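Visitor: Sequence plus the predicted model coming up.
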Amino acid sequence: MKIHRHNLLLPTLAFFTAFALLSILGCTKKSADSLSTIRTRGELTIGIFGDKPPFGYIDQAGRNVGFDVALAHELGRALLGDEKKVKFVTLEAANRVAFLQSNKVDLILANFTNTPERAQVVDFAEPYMRAALGVIVPENSPLKTLADLKGYTLIVDKGTTAESYFVKNHPDIELLRFDQNTEAFQALKDGRGAALSHDNMLLFAWNNENPDFRLIESNLGNADVIAPAVKKGNTELLNWTNEQIVRLRKEGFFRRAYDSELRPHFGSSIKDPGTVLVEPTP
Amino acid sequence: MVFDLSFFTRHLPDFGRALLLTLGLGVAAIGGSLLVGLLGNAFRNLPIPGVRVAVRSYVELARNTPLLVQLFFLYFGLPSLGIHWSGLTCAVLGLTFLGGSYMIESIRSGIEAVKKEQIEAGLSLGLSRLQLIRHVILPQALATALPGVAANCIFLLKETSIVGIIAVPDLMHLTLGLIGLYYKTYESLLLLTLAYLLMILPASWALSRLERRLRYGRQTA
């Protein structure tokens, strides 16, 4: 029997074209859930980190904890009257946008820095923190400033502001990119790169636990802000989140959450929480 | 939905580089796996006690653990024992470790399919053990094993898509990185699909050509 095995090209291409068309149709039709839908559902889905202490991580009892989680609980209480009605979805830096776009989560509270590229694809609410980038090296490293990094390998997390900052501003520094925070820091410990770059606050906290490393930069990049994000065009949820953030700022929630969730992790690296929190405008 | 055409021109060179790396990785892994497959079968038939069990254990271990775990072990586990291999080395070794076990099984099935009469006929002609392997067993065994071996080759090429987890910049790693940086999901995925097709379709075609050529001596019922 003779089988024509080589005429597979056309069907394959046809399949992929059909697949692409279908997925595009599927994506444009789905709209995000409105506030009333969330209320009827009785559950607010929030995307957070699972391995980035002190913002979003899992404690020894297996619970989601951290600064972002405290904020999530507060929002759940405001919208549904019960913080237990918040459903957490843990995600990675690089897939935050995809989770919003595909309606897997209503809201992202994952240390999400507001950048122009991201603002084109999601809607950012009022910010609650400020962020800059830091660079950390082993204690005994000869590197002293950013300028020394040229020609060395720098470890970053995929899809973070650290990655895009170095791609844009320092293309001569070779990047080693990991999907997960845990793997990136493990790679630094194993000496797979000379340094690691991440949000400065995350590095302060990690440095506090790992004293045989030191920060050589702690204020790189634009003075960015961290904010909750909703799916592009979900104005109802966006406006509601804005109101909540403004209210929580006024009530001093972020100061309290800073004291309980962040201060123990930062040690003495941050003297004044006003440098990292977005304070209420008088 | 409109495709951003400038994205294609801007990142085509990146995809070219990643394609070459992926292809190189795949070819190295296939070569290594074939070597392991042949050696594994040679060892299996040595009259030394324990060797057969050792080969068998390796096959079971390699086939029944995920490649992800094997790569993590090589990349993040071995440094604690003082062994520092680069991501690329770990990727080639991991893929070879997995692929070798599949190759051993495919080649074994080919060897076992050689009829006993063929071996007896060879022996009665006075062929030595090596001559028997070289002129009687291997030509027939490889022809029988080829479809399985070819499937393993394609499998290994596709399996390279996982090495990004240890930061090896292959096609998948590049694509996910670009999506994370610029949020051009559809453009990136389209280029990714085309790059894989560009690599795997010719390989698949060449392997089935080879299969047909090696079937020349086969009696058809």
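Guide: That came in fine, so what should we check first?
Visitor: Contact partners for the residue in the stretch 151-282 of chain A that chain B sits nearest to?
Guide: Across the stretch 151-282 of chain A, the shortest distance to chain B (Cβ to the nearest Cβ) belongs to A:Gly159, at 2.8 Å. Placement of C-beta: from N, CA and C, glycine included. Residues in contact with A:Gly159 (Cβ atoms under 8 Å, 6 or more residues apart in numbering or on different chains) are A:Glu92, A:Ala93, A:Ala94, A:Asn95, A:Arg96, B:Gly177, B:Ile179, B:Gly180, B:Leu181.
Visitor: ok, now A:Arg249?
Guide: A:Tyr128, A:Val278, A:Glu279, A:Pro280.
Visitor: Show the model's pLDDT score for the residue of the stretch 151-282 of chain A closest to chain B.
Guide: Per-residue pLDDT puts A:Gly159 at 88.
Visitor: now the one 10 residues further on
Guide: Looking at A:Asn169, its pLDDT reads 92.
Visitor: still on that earlier bit, of the contacts of A:Arg249 - the most surrounded one?
Guide: A:Tyr128 (22 neighbours; other Cβ atoms under 10 Å in any protein chain shown).
Visitor: who wins for neighbours among the contacts of A:Gly159?
Guide: Neighbour max across the contacts of A:Gly159 (other Cβ under 10 Å) = A:Ala93, 27 neighbours.
Visitor: Relative to A:Gly193, how far out is that residue?
Guide: 17 Å (Cβ to Cβ, to the nearest Å).
Visitor: what does A:Lys104 give?
Guide: If you go by Cβ to Cβ, the gap between A:Lys104 and A:Gly193 works out to 32 Å.
Visitor: What separation is there between B:Leu190 and chain A?
Guide: 7 Å (Cβ to the nearest Cβ, to the nearest Å).
Visitor: Pull the number of nearby residues for that residue.
Guide: Neighbour count of B:Leu190, defined by other Cβ under 10 Å: 18.
Visitor: Which strand or helix spans it?
Guide: B:Leu190 is part of helix B:185-214 when elements are defined by DSSP states H and E.
Visitor: How about B:Cys153, nearest residue that isn't a chain neighbour?
Guide: B:Ile30 (5.1 Å; Cβ to Cβ, 6 or more residues apart in numbering or on different chains).
Visitor: Centre of the chain to the one helix or strand the one you found maps to, how far?
Guide: B:Ile30 belongs to helix B:5-44 when assigned by DSSP H and E. On the basis of Cα atoms, centre = their mean, to the nearest Å, helix B:5-44 sits 9 Å off its chain's mean C-alpha point.
Visitor: and the next element down the chain from it?
Guide: Following helix B:5-44 in sequence, per DSSP H and E, is helix B:51-63.
Visitor: Mind checking if the following helix or strand past that following helix is in reach of chain A?
Guide: As assigned by DSSP H and E, the chain's next helix or strand after helix B:51-63 is helix B:67-72. No - using Cβ under 8 Å from any Cβ of the partner chain, helix B:67-72 stays clear of chain A, with a minimum separation of 8.6 Å.
Visitor: So for helix B:67-72, mean pLDDT?
Guide: In this model, helix B:67-72 carries a mean pLDDT of 95.
Visitor: Alpha carbons of that helix, as CSV, please.
Guide: Output in CSV follows, covering the C-alpha atoms of helix B:67-72 (Å, rounded to 0.1, in the frame of the first residue of the first chain):
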residue,chain,number,x,y,z
LEU,B,67,12.6,15.6,31.5
LEU,B,68,11.8,18.7,33.6
VAL,B,69,12.9,16.9,36.8
GLN,B,70,16.0,15.5,35.1
LEU,B,71,17.0,19.0,33.9
PHE,B,72,16.4,20.5,37.3
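Visitor: Tell me who's in contact with A:Leu75.
Guide: A:Leu44, A:Ile46, A:Val86, A:Leu107, A:Leu109, A:Thr241, A:Gln244.
Visitor: Just give me how far the helix or strand hosting it sits from the chain centre.
Guide: A:Leu75 belongs to helix A:67-80 when assigned by DSSP H and E. In this view, helix A:67-80 has its centroid 17 Å away from the chain centroid, taken as Cα atoms, centre = their mean.
Visitor: Show me which positions of that helix end up buried.
Guide: Buried residues in helix A:67-80, defined by neighbour count with 16 or more other Cβ atoms under 10 Å in any protein chain shown: A:67-76, A:78-80.
Visitor: Also stretch B:141-148?
Guide: Across stretch B:141-148, burial judged by 16+ other Cβ under 10 Å covers B:Ala141, B:Ala143, B:Thr144, B:Ala145, B:Leu146, B:Pro147, B:Gly148.
Visitor: Then stretch A:257-271?
Guide: Going by 16+ other Cβ under 10 Å, stretch A:257-271 has these buried residues: A:Ala257, A:Tyr258, A:Glu261, A:Leu262, A:His265, A:Phe266, A:Ser269, A:Ile270.
Visitor: I'd like the distance between the second one and A:Ala227.
Guide: Looking back up the chat, that one is A:Tyr258. 16 Å.
Visitor: which other residues reach stretch A:144-154?
Guide: In contact with stretch A:144-154 (Cβ under 8 Å, 6+ apart) are residues A:135, A:142-143, A:166, A:170, A:172-176, A:192-197, A:216-217, A:220.
Visitor: Sweet, I'm off.
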